[in-house]
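Visitor: Coordinates for the following, if possible.
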Amino acid sequence: MAAKRSRLSRSSDFQRVYRQGSSTASRFLVLHYFIQPAGAAPRGPRLGLSVSKKLGGAVVRNRVKRLLREAFRGCEERLPKDYDYVLIARPQLTDLLDAPDKGAVPAAVRDVFERAGLLEEGANEA
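Guide: Residues are numbered from 1 along each chain as shown. Alright, predicted model coming up:
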């Protein structure tokens, strides 16, 4: 489980990323990202998740969040350390939950980070 400090949890943090940051999207996810304030102590990358009730009940939403956190951890070492990220799951993401390929959700996460140009080359691939 990701440490609590490596997660975005306050509404003000989410709003700052949404309003002042940049975004990119794929069929399955929307990524908002924003560089952390310069005066703040270095914390490493922080992740916030937004999973709507449109995806399903609580069991499905919690499963989606768990899979997204796991996929984020897989590519975390290739990401810039001074950013806050918010991943928004689109309803099409539920199609990947039942896919025979268990790497579909991590691939969707890597894809949206690559679209944003945030993944650094050379580190271990997840």
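Visitor: Show me what counts as buried in stretch 39-51.
Guide: In terms of neighbour count (16 or more other CB atoms under 10 Å), stretch 39-51 has its buried residues at 45-49, 51. Every residue, glycine included, has its C-beta placed from N, CA and C.
Visitor: Residue 78: which of those is nearest?
Guide: Closest approach to residue 78 among those (CB to CB): residue 45, at 10.2 Å.
Visitor: Compute the distance between that closest one and residue 73, please.
Guide: 10 Å (CB to CB, to the nearest Å).
Visitor: again with residue 96
Guide: For residue 96, the distance to residue 73 - CB to CB - is 18 Å.
Visitor: Looking at those two, which has the bigger crowd around it?
Guide: Shown here are residue 96 and residue 73; by other CB atoms under 10 Å, residue 96 has more neighbours (19 against 16).
Visitor: The more buried one looks like it's in a helix, true?
Guide: Yes - judged by DSSP: H, G, I helix; E, B strand; the rest coil, residue 96 forms part of a helix.
Visitor: can I assume it is in contact with residue 104?
Guide: Yes - counting by CB atoms under 8 Å, residue 96 touches residue 104, with 4.1 Å between them.
Visitor: which residues of this structure fall in strands?
Guide: With DSSP state E as the criterion, the chain has strands at 22-25, 29-35, 46-51, 83-89.
Visitor: Redo these as TSV? Include mean pLDDT and distance to residue 117.
Guide: Conversion of the strands of the chain to TSV gives the following (pLDDT from 0 to 100; distance: least, CB to CB, whole Å):
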stretch	mean pLDDT	distance to residue 117
strand 22-25	97	8
strand 29-35	97	10
strand 46-51	96	18
strand 83-89	96	12
